[in-house]
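Asker: Structure for the following, please:
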Amino acid sequence: METQNRTWLSHSLFSARCFCKWGLLGLAMGGVVGLVGTGFSWAVDSVTALRQVHSWLLYLLPVAGVLIVGLYHLFGIYTDKGTNLVLLAVREHGKMDLRNMICIFTASVLTHLCGGSSGREGAALQIGGSMGATFSKVLKLDEADSRILVMSGMSACFAALFGTPVSAAFFAMEVISIGVLHYSALLPCMTAAVTGSAVSRFFGMGPMSPQVLVPGFSWLSFGKAAAVALVCGLLSFVFCAGIHWAAKGYQRFLKNPYLRAAAGGGLVVLCSLLLGTRMYNGAGTETILAAFTQQQAWYVFLLKLLLTALTLGAGFKGGEIVPVFFVGSTCGSALSGLLGLDPSFAAAIGMISLFCGVTNCPLTTLFLSVELFGGEGAPFYGAAVAVAYISSGYAGLYSEQKILYSKFKPQFIDKKVG
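Answerer: Okay, here's the model as predicted:
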């Protein structure tokens, strides 16, 4: 009995130490990374507003591309793995430091200033991950604790930018190795995400929360939602392939990274002029919101996919997830008339389905849908997530992401996406 009491006391003390340790580290990461993430969001919004006033900035996109390559070379980064580097930092303790944060922050702002078709999430994950890796070195944490702090940084910055703390925390834990959740990081990731989101909200930044008109529960409504999810699940193949093929195409025909960036910027400028609109430049948040209020043309999502592939494949920075939101929401909206759905509901289903398809993160997607659109449509969102997760197969945006367990049977497969 005395031995059992000692064991219980020992376990209780250990749990209390871990709670205090990760609770405090999560708060610290959330506060510091939340401030940086808020600053990054403000910077991107500011340069986007500047570009909309001074449309001639688009013509400087090739110059911005050259500057981005030069910036990375200046900091000694000649092969940039992007978001894949964050995944490696967690799974294999890959090296990240403040150089990565400075480069991705500056390069993403330059991309948005000059109208590259890009997002923010890739930058958020890299900013948060590199800050987590840096702090772990300062605190002299061991390898296992360092990985958790990297995930906490990812959660904090993602939450600061998108205002969705629960999905931010689960994304960091789920995206690394599909089929396994890193529950050991739950407390610091949730603490960091909630704190980071609170910091950004304090400075007046909140999530994109369009109103969704949810249909009544019926087999027909679920069938229509599943149809949109199936289309977007299959579309995830096209989206991921487009990004990867564009990068390989640039590298095949243009060996010099400076020429790749300049040529890619020139192609985006040319496409924008030929299309006669600037709706595909930058993140395209206005178009995403418009997809929830009125049906979009069938070609809108394809053109955004094209310009995003041309931008990111050439070496511009930012991220793929906001373009995923654009493509998914406009694709769903385009299908609304054909299926007899309200555009807002179809856009919501399309947006979360494509996100699930390209990230392979069903739990994150379900939390994200509820945080963005409310809980009323949760059964529909859950059904859409299930359909998109299966129909997307093993496609994925991040080549270093591992599928540990099969999507189709309870079997360990341990393979990379693709």
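Asker: Could you pull out the helices in the stretch 1-150 of the chain for me?
Answerer: 2-53, 61-74, 83-91, 98-113, 121-138, 143-162 (DSSP state H, counting those that start in this stretch).
Asker: which ones are touching the residue nearest to M96 when sequence neighbours are not counted?
Answerer: In space, and not counting its chain neighbours, M96 is closest to A133: 4.1 Å by Cβ to Cβ, 6 or more residues apart in numbering. All C-beta spots, glycine's among them, are computed from the backbone N, C-alpha and C. By Cβ atoms under 8 Å, 6 or more residues apart in numbering, the residues touching A133 are 89, 95-97, 146, 149-150, 153.
Asker: Redo those as a markdown table? Include pLDDT, neighbour count and distance to V32.
Answerer: Formatted as a markdown table, the contacts of A133 follow (pLDDT from 0 to 100; neighbours: other Cβ atoms under 10 Å; distance: Cβ to Cβ, whole Å):
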| residue | pLDDT | neighbour count | distance to V32 |
| --- | --- | --- | --- |
| A89 | 81 | 27 | 18 |
| K95 | 78 | 12 | 20 |
| M96 | 81 | 26 | 16 |
| D97 | 83 | 13 | 15 |
| S146 | 92 | 21 | 16 |
| L149 | 94 | 29 | 12 |
| V150 | 94 | 31 | 14 |
| G153 | 96 | 38 | 9 |
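Asker: Just the closest of those to H73, please.
Answerer: H73 lies nearest to D97 out of the contacts of A133, by Cβ to Cβ, at 16.3 Å.
Asker: Might one say that the closest one is in contact with T134?
Answerer: Yes - contact criterion Cβ atoms under 8 Å: D97 and T134 qualify, at 5.6 Å.
Asker: Just the C-alphas of the helix or strand of the chain with the lowest mean pLDDT, formatted as PDB.
Answerer: The helix or strand of the chain with the lowest confidence, counting by mean pLDDT, DSSP states H and E, is helix 83-91 at a mean of 83. In PDB, the C-alpha atoms belonging to helix 83-91 read as follows (Å, rounded to 0.1, in the frame of the first residue of the first chain):
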ATOM      1  CA  THR A  83       6.500  24.200 -45.200                       C
ATOM      2  CA  ASN A  84       8.100  20.800 -45.700                       C
ATOM      3  CA  LEU A  85      11.000  22.100 -43.500                       C
ATOM      4  CA  VAL A  86       8.500  22.600 -40.600                       C
ATOM      5  CA  LEU A  87       7.300  19.000 -41.000                       C
ATOM      6  CA  LEU A  88      10.800  17.700 -40.900                       C
ATOM      7  CA  ALA A  89      11.600  19.800 -37.900                       C
ATOM      8  CA  VAL A  90       8.900  18.000 -36.000                       C
ATOM      9  CA  ARG A  91       9.300  14.500 -37.300                       C
END
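Asker: so what does it touch, helix or strand wise?
Answerer: helix 121-138, helix 143-162 (3 or more Cβ pairs under 8 Å, 6 or more residues apart in numbering; DSSP states H and E).
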